[in-house]
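1. Provided below for reference: sequence and predicted model.
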Amino acid sequence: MIGLAGLFGTFLPMLVTACSAWGPVRGRKLWTLSLAAHLTAWCCFALVLVLGFFGNGKSSAGAVLSPMILAQSPWSDETSLLWTFPFAALCLAACSVTVSFHFIARGVLEVSRASVAGLAAYLTCILGALGSNHPLLFSIFLAGSLLPRLIFMGMDVRDGRIEAVKETAFLSIVALLSLLISVLAFASPFRDTLGTWFMMERGDRIVLPGSIGISLLLLSAAISAGIFPFHGNARRIFQMRRMERAVPLALQPIFGFVLLFKFGPASFPKEFHDFSPLLLGLFSVGIAYSALCFLGARSARDRVFWLQQVVSSFVAVGFFSLTIKGWHGAQVLLFFQSVAIPFLLLVLACHERRPSMLPLKEVARYPAFALSTALATLFALFLPLSIGFYGVLLVTWSLVGLQQWPLPFLILSMPLIAFAGVRIMYFRLGDLHPSADSGNGGFRDLQRDEIFAILPIGLTLLVLGLVPRLLMGPMGISVAATMRALGFKD
Amino acid sequence: MNILQSSLLVYLLLPFVAALFPQGASAGTWVSKGTLATGFRVLLLLFLGRAVVLLSTELSVKAVLLNGYPLDVLLTLDSHRYGFLLTAEFCFLLAHWMAPASGNNGGMIRVLVSFAQGFCSLLVLSNNAVATGAFLLLTGTVFFYLVRFSISSADDEAGAAISTRLHVLFYLLGLIMIAWGIAKFSGTGLVFGRNAGSFLGLALWLALLVLAIPLPPWSRWFARSMEILPEGVSLTLVIFLSSVALKVTSLFGVAYPELGWKQKFFLYCLGILGCCLSLGGLFAAETRRRMLACVPSFFFSIVLVSVGVSKSALVLSAYFACLFIPVFTGLILAASVMSARSRLQKMFLGFLFVLVLGLPGTPVYQIFSGIGARSLDLGIGYSVVFGLLWFFYFNANVHMCRRIFMDQEAPEGGADAVRLEGAAGIFAGYGIFLMVLVTVVAQIAGRML
């Protein structure tokens, strides 16, 4: 029953894609249908979380399995959708973001059927990737996400942006190919079947070294997540004309990190153990580099982009620490990133719709706007009222006594974030510009749609920050069970 | 949870609850939700006083943030902290009264003062390194906005610089506190306690102490903030800085009771340098307003001197200094906008003169007598420096009192000087009460601790 809810929630948005292509339903009706479908998907995953992990004394260490088998032996292992607590929580986060997107981009979605179809298909691919229990199934969803991404970026074509679409397409195909080679050559059952391809005449086999497999997997994950040092293309998302279009695309890092968390150490335990110190160093440098760029960023969009890179690098550091504490912190940060970065983009979109930044003196006149901006500050600085604080704390803590040398990079990057964070506190000094004050087209508080888009996820993050054990408790149990199953200890 | 713990919890949450309720447009300066909450907090503290002070009971409240990790918020009230909090609450009441009136962001400023008040008590009571660091991180943002909301357009640039400095300072303090906790108290669940020390831990604590004290010459921001910010905001800032100084110095007694002489000498030298520069600044100040930051700076530097000459785990002189700084700042801010006309005002100024000069029985006397006694123990060098320090402090006070009480130039204040001067009689009466209070608290603390 619970697995069925997850399965239903995953594929329900595809119904919207079909309706968009069909034709008769369009405009406001299509928007309403899409919103209803996304809300239902959200409810399904809320059900999975509540009944699957919190209800009936069920343990957070377990998993919810979908009843539908998507592929069977001998062609593949029994492939289906399977949700552990952290991934079910991420599903809920992804649904929340797309629901918020419906409100912030209502105008776009009511006139563009392609956008509605793209959004729904993209969500299905994300949810599918989060539920996949086999890398081949994951590859299918990763491949499926390419087209919606291109639609989203391509719809916003302006001078030179078509180059961005081409670049994205090229990189995504590289990522997909790397992953496919890695899966077909190293994942069971293909490893045994396709191993005969390399059989020599006398029966000797050429066994591909695991280092090739892990390299391909890491390449695929890094490109998919768009993280340092493959962050160039991810930046394109933040350069679109309409900021709100970037909101669903900010969920893109989920693909890369889910690939790592689900299939990385499980497929290449020895290689991950050997390579992790090097990668830990690389991403520690990545944190310091991203923090420096965050400090030096000139526009608000760039600041959000570099903040995303900082968080992604922290997730990577937590992951490569290969400790329970590090993984716990990384999973928390991945959830935080999946909600907080879209939240920052939503706030930024609202800012860009106004003629000028809100001056401090006018804050009391525009309370909803001021509250959303203050919340953005709270999240951008990893302050203790957001779960980002606990994620960063656990990741850094995991390195104490384990790998001390990356610590200076992490510690030095935090003051840089503090300095840079001052400029993300969007209120400006001085008076309201005369043209922006009152009257038609002047400065205005958040409108109803903007409030529906921003405040629910902002307040959700705030509540999770105030009561972190609500999310982090079950997540910790689940992560510990996973790590122990993989043979890692704290 | 018994009634005492419930009262402590209510005491801690009140400012946040008060900040969340909307302020009515008709709310006046004297009776606002902030002042009401502070009054109620004082009553709760007085209620808790019997158990904490007379029966020497330690009251604790604990909140579990996350199972499996030592990230609990552990708050403990003992007699040491009680004395500071009681004095601080009365100072916060003064800060609420001095805060800008409604309009021109007055409402927001009052909300932020309430937040600062709430975090101040949480910081003083917290016993867990991560929780303490977290409160410092949050306070950085509170003061960032508090300063930004407070500054007038003419001081935009200076105010922006101060707010940024405050935000980064508290952020760094928070980070260092957390790092220190992880480096030193990992084995004891991040709860402050006696533990095997490492060089890294000691270095972090020294950094924490030096950063926590607004020490000349790198505390120009502090002097500037006293000059341009409204009186209520300046006072809030000073109260909070005192609580940070108290926290860090009290941790000295917990974590490093046997600090090496080299580290102590380093702190002592820094403290003496800060004292000299503060007094120099006081003599060189062109306006009354510019003088205001010099004496709090001097007493903050005295905190380092106290730790530098300390022998016992509890640095009493530093405790008295932290107790006295907020009261003194409140009084001097009130005096700076006052023309001594009425009898009450003249009485207030006379009492203030007695208090700051350091006659026997006053907190200033207790501060200097503690440092003096230890200086005598440490040898002739320390004794000579101490003698000179007291001499110059005495002279500086005479100079300051002459400027404030006897100069013919008009009183000068911050943005709200005119409004405050209108209520000078009330402030004078309250100031006399504060002076008596701090003297009584210091006397009781001197006997108990």
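-> Sure thing, it's come through. Numbers count the residues shown, from 1 in each chain, chains lettered A, B, ... in the order given.
2. quick check: residues of chain B near chain A?
-> Residues of chain B lying close to chain A (Cβ under 8 Å from any Cβ of the partner chain) are B:64-69, B:71, B:104-105, B:107-108, B:130, B:134-135, B:137-138, B:140-141, B:144-145, B:148-149, B:151, B:153, B:156, B:159-160, B:164, B:167-168, B:171-172, B:175, B:178-179, B:182-183, B:186. Just so you know, the C-beta spots here come from the backbone N, C-alpha and C atoms, and that holds for glycine as well.
3. try 6 Å this time
-> B:65-68, B:134, B:137-138, B:148-149, B:156, B:160, B:164, B:167-168, B:171-172, B:175, B:182 (Cβ under 6 Å from any Cβ of the partner chain).
4. inside helices: which ones of those residues?
-> Residues of the residues of chain B next to chain A located in helices (DSSP state H): B:134, B:137-138, B:148-149, B:156, B:160, B:164, B:167-168, B:171-172, B:175, B:182.
5. only the buried subset of those residues, as a PyMOL command please.
-> The following PyMOL line selects those of these that are buried, judged by 16 or more other Cβ atoms under 10 Å in any protein chain shown:
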select buried, chain B and resi 134+137+138+148+149+160+164+167+168+171+172+175+182
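6. now render the ones in helices among the residues of chain B next to chain A as JSON lines, adding distance to residue A:339.
-> Rendered in JSON lines, the data for these read as follows (distance: Cβ to Cβ, whole Å):
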{"residue": "B:134", "distance to residue A:339": "20"}
{"residue": "B:137", "distance to residue A:339": "20"}
{"residue": "B:138", "distance to residue A:339": "20"}
{"residue": "B:148", "distance to residue A:339": "27"}
{"residue": "B:149", "distance to residue A:339": "29"}
{"residue": "B:156", "distance to residue A:339": "34"}
{"residue": "B:160", "distance to residue A:339": "31"}
{"residue": "B:164", "distance to residue A:339": "28"}
{"residue": "B:167", "distance to residue A:339": "24"}
{"residue": "B:168", "distance to residue A:339": "27"}
{"residue": "B:171", "distance to residue A:339": "23"}
{"residue": "B:172", "distance to residue A:339": "28"}
{"residue": "B:175", "distance to residue A:339": "24"}
{"residue": "B:182", "distance to residue A:339": "27"}
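7. okay, among the ones in helices among the residues of chain B next to chain A, which ones form the most distant pair?
-> B:156 and B:182 (38.9 Å; Cβ to Cβ).
8. can you tell me how far residue B:64 sits from residue B:121?
-> Per Cβ to Cβ, to the nearest Å, residue B:64 is found 20 Å from residue B:121.
9. looking at these two, which one has more neighbours?
-> More crowded of residue B:64 and residue B:121, by other Cβ atoms under 10 Å in any protein chain shown: residue B:121, with 26 against 12.
10. among the ones in helices among the residues of chain B next to chain A, show me the least confident.
-> Taken together, these show their lowest pLDDT at residue B:156, with 73.
11. find the closest residue to chain B in the stretch 101-250 of chain A.
-> Of all residues in the stretch 101-250 of chain A, residue A:228 sits closest to chain B, at 22.4 Å by Cβ to the nearest Cβ.
12. and for the nearest residue to that residue once chain neighbours are set aside, the neighbour number?
-> Leaving out its chain neighbours, the residue that sits closest to residue A:228 by Cβ to Cβ, 6 or more residues apart in numbering or on different chains is residue A:286, at 3.7 Å. Residues within reach of residue A:286, counting by other Cβ under 10 Å, total 24.
13. Validate this expectation: residue A:286 resides in a helix.
-> Yes: Residue A:286 forms part of a helix when assessed by DSSP: H, G, I helix; E, B strand; the rest coil.
14. just checking, residue A:187 touches residue A:135?
-> Yes: applying Cβ atoms under 6 Å as the test, residue A:187 and residue A:135 come out as touching, 5.2 Å apart.
15. name the residue in the two with the higher neighbour count.
-> Each of residue A:187 and residue A:135 has its neighbours counted (other Cβ under 10 Å); residue A:135 has more, 27 against 20.
16. got the contact list for that one?
-> A:183, A:187, A:263 (Cβ atoms under 6 Å, 6 or more residues apart in numbering or on different chains).
17. wasn't the first one part of a helix?
-> Yes: counting by three-state DSSP, residue A:183 is found in a helix.
18. how much space between residue B:316 and residue A:186?
-> Per Cβ to Cβ, residue B:316 is found 68 Å from residue A:186.
19. between these two, which one's more packed in?
-> Set residue B:316 next to residue A:186 and count neighbours by other Cβ under 10 Å: residue A:186 wins out with 22 against 19.
20. for the closest residue to residue B:127 other than its chain neighbours, report the pLDDT, please.
-> Distance criterion Cβ to Cβ, 6+ apart; nearest residue to residue B:127, sequence neighbours excluded, is residue B:74 at 4.4 Å. The model reports residue B:74 with a pLDDT of 88.
21. pretty sure residue B:74 is in a strand, no?
-> Yes: using three-state DSSP, the assignment for residue B:74 is a strand.
22. contact partners for it?
-> The contact partners of residue B:74, by Cβ under 6 Å, 6+ apart, come to B:62, B:127-128.
23. same check on residue B:176?
-> B:204, B:207-208.
24. now it: closest residue in space, sequence neighbours ignored.
-> Spatial nearest neighbour of residue B:176, excluding adjacent residues (Cβ to Cβ, 6+ apart): residue B:208 at 5.0 Å.
25. again with residue A:419
-> Once flanking residues are discounted, residue A:419 sits nearest to residue A:295: 5.6 Å by Cβ to Cβ, 6+ apart.
26. now the one you found: which helix or strand?
-> Secondary structure assignment for residue A:295, by DSSP states H and E: helix A:269-296.
27. could you list the buried residues of that helix?
-> Neighbour-count burial for helix A:269-296 flags A:271-272, A:275-277, A:279-291, A:293-295 (criterion: 16+ other Cβ under 10 Å).
28. same deal with stretch B:49-56?
-> Applying 16+ other Cβ under 10 Å to stretch B:49-56 flags B:51-53 as buried.
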